[in-house]
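*Asks:* got a sequence here, can you build the structure:
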Amino acid sequence: MVHHVILHEDAWSPRPRRLSVDGRTVLIGWVRSVDPQVVSATYGNDDRLDLLVVPPRANMRRAAAALAAAADAGNTLRASDILRRLSIQLPPSAAADLLSESVWETDGGRVPDPSDSAQPTLVRHHDN
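*Replies:* As a prediction, this is how the structure comes out:
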């Protein structure tokens, strides 16, 4: 069962601290360090599952391609980059500037060139 959820604080409103689910309390953390297009859920023995958030007005075909890319174990793109690569418009957010290529390039990561491959990929998070 999920016991903790982490969300980007600029991407969601309102910002509750707790959520009641089936008589249990799920804690909600608000940070700026996660991709605004990700919901990160902690469950079980602190295992983590990152979920791609596809904007509701996204084209169904592109949304399905984004979800398939996010589920691909060989993927190396961040969630927002998957959506951009598939031409899915991101919701307006102050957080979008935080994910710019200049920020990504200076934190040790690499933004793949679109010509690198035809299939987008997602960074896979490993349990600690």
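*Asks:* at which residues are the strands of this protein located?
*Replies:* Applying DSSP state E to the chain gives strands spanning 2-8, 18-21, 24-31, 38-43, 47-52.
*Asks:* next, format these as TSV and append mean pLDDT.
*Replies:* Listed next are those as TSV, based on pLDDT from 0 to 100:
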stretch	mean pLDDT
strand 2-8	94
strand 18-21	92
strand 24-31	95
strand 38-43	94
strand 47-52	93
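*Asks:* in this structure, where is pLDDT below threshold?
*Replies:* Where the chain drops to pLDDT under 70, the residues are 93-128.
*Asks:* ok, now which ones touch the nearest residue to residue 37 once chain neighbours are set aside?
*Replies:* Among residues not flanking residue 37 along the chain, residue 79 sits closest, at 4.0 Å (CB to CB, 6 or more residues apart in numbering). The C-beta positions use only the backbone N, C-alpha and C, and glycine is treated the same way. Contact analysis of residue 79 by CB atoms under 8 Å, 6 or more residues apart in numbering lists 35, 37, 38, 50, 52, 53, 70, 122.
*Asks:* tally of neighbours for the residue lying closest to residue 59 once chain neighbours are set aside?
*Replies:* Nearest residue to residue 59, sequence neighbours excluded (CB to CB, 6+ apart): residue 88, at 7.3 Å. Neighbourhood size, residue 88 [other CB atoms under 10 Å]: 19.
*Asks:* try residue 42
*Replies:* Count around residue 42 with other CB under 10 Å applied: 17.
*Asks:* that one contacts residue 28, doesn't it?
*Replies:* No - look at residue 42 against residue 28 with CB atoms under 8 Å: they stay out of range, at 11.0 Å.
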